[in-house]
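# My questions concern the predicted model and sequence given below.
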Amino acid sequence: QNLAEQGIVGRRRRREPGLNEQTTGAHSVQTAIIGNSLVFGAKLGAWGCTGSGAMLSEAIHSFADVMNQALLWYGLSSSTSRADEKHPYGYGFERYVWSMISGVGSFFLGAGVSVYHGVHSLMHPAPIEAVPVALGVLALAGVLEGYTMKVAWAELEREAKKAGMTPKEYVLDGPDP
């Protein structure tokens, strides 16, 4: 009897019940996508109002953050798929593959935009303008990113407690790399 006949796998890719509070990291990633999307919108709006190249650069950076979070979400979501004939051992490791792709993309895209903007600013310095708009966007980003960090920290503490570890022990030696 093959795996399909046993009901272990099917011809079509079937998902487990899906992402929920039981899926480690799901709530943090959802919160980060929403928070980074709002920051992206604020920076894009500030660029539209001021024409600041720095705001456009920051908006691009925030968009890259949203895309990286979307890759993490995709990895978490696809890792809940049940085994099928093509993947008899399941899709669980996809969360790590997409996390790696997200991390590498974030590093290189973020570094590329930052280096480009830094060199451009050194070569073509511009006077500081629209300080209130920049400070408003910075304050909004700080609040949103702070909330995202709070959600991620609470999730880390909850997972560490379930594993009988401190948050530091969980990060260094926990079961979820």
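Received, thanks. Residues are numbered from 1 along each chain as shown.
# hey, let's count contacts and neighbours off CA atoms from now on
Fine.
# what helix or strand does residue 127 sit in?
Of the helices and strands defined by DSSP states H and E, none includes residue 127.
# Lowest mean pLDDT among the helices and strands of this protein, which one is it?
helix 94-123 (a mean of 82; mean pLDDT, DSSP states H and E).
# which parts of the lengthiest helix in the chain are buried?
Counting by DSSP state H, the longest helix found in the chain is helix 131-162. Judged by neighbour count (16 or more other Cα atoms under 10 Å), helix 131-162 contains these buried residues: 133-134, 137, 140-141, 144-145, 148, 151-152, 155-160.
# Give the other helices and strands that the least confident helix or strand of the chain contacts.
Helix 94-123 is packed against helix 53-78, with contacts defined by 3 or more Cα pairs under 8 Å, 6 or more residues apart in numbering; DSSP states H and E.
# ok, of the buried residues of helix 131-162, which one's closest to residue 90?
Proximity of the buried residues of helix 131-162 to residue 90 (Cα to Cα) peaks at residue 159, which lies at 23.3 Å.
# still on that earlier bit, tell me the helix or strand right after the longest helix of the chain.
helix 167-173.
# Kindly calculate the angle that the one helix or strand residue 47 maps to makes with helix 53-78.
Following DSSP H and E, one finds residue 47 within helix 26-50. Going by axes from the mean of the first three to the mean of the last three Cα atoms, to 10 degrees, helix 26-50 is angled at 160 degrees with respect to helix 53-78.
# Okay, angle between helix 26-50 and helix 131-162 too, please.
Using the same axes, to 10 degrees: helix 26-50 against helix 131-162 is 180 degrees.
# Quick check: the residue nearest the centre of the chain vs residue 28, distance?
For the chain, the residue nearest the mean C-alpha position is residue 69 (2.3 Å; Cα atoms, centre = their mean). Here residue 69 is placed at a distance of 10 Å from residue 28 (Cα to Cα, to the nearest Å).
# Let me see the contact set for residue 145.
32, 35, 36 (Cα atoms under 8 Å, 6 or more residues apart in numbering).
# Nearest residue to the first one in space, please, no chain neighbours.
Using Cα to Cα, 6 or more residues apart in numbering and skipping residues adjacent in sequence, the residue nearest residue 32 is residue 148, 5.7 Å away.
# again with the second one
Nearest non-adjacent residue to residue 35, counting by Cα to Cα, 6+ apart: residue 144, 5.6 Å away.
# can you pull the contacts of that neighbour?
Residue 144 neighbours (Cα under 8 Å, 6+ apart): 35, 36, 39.
# Also residue 174?
Residue 174 touches 160, 163, counting by Cα under 8 Å, 6+ apart.
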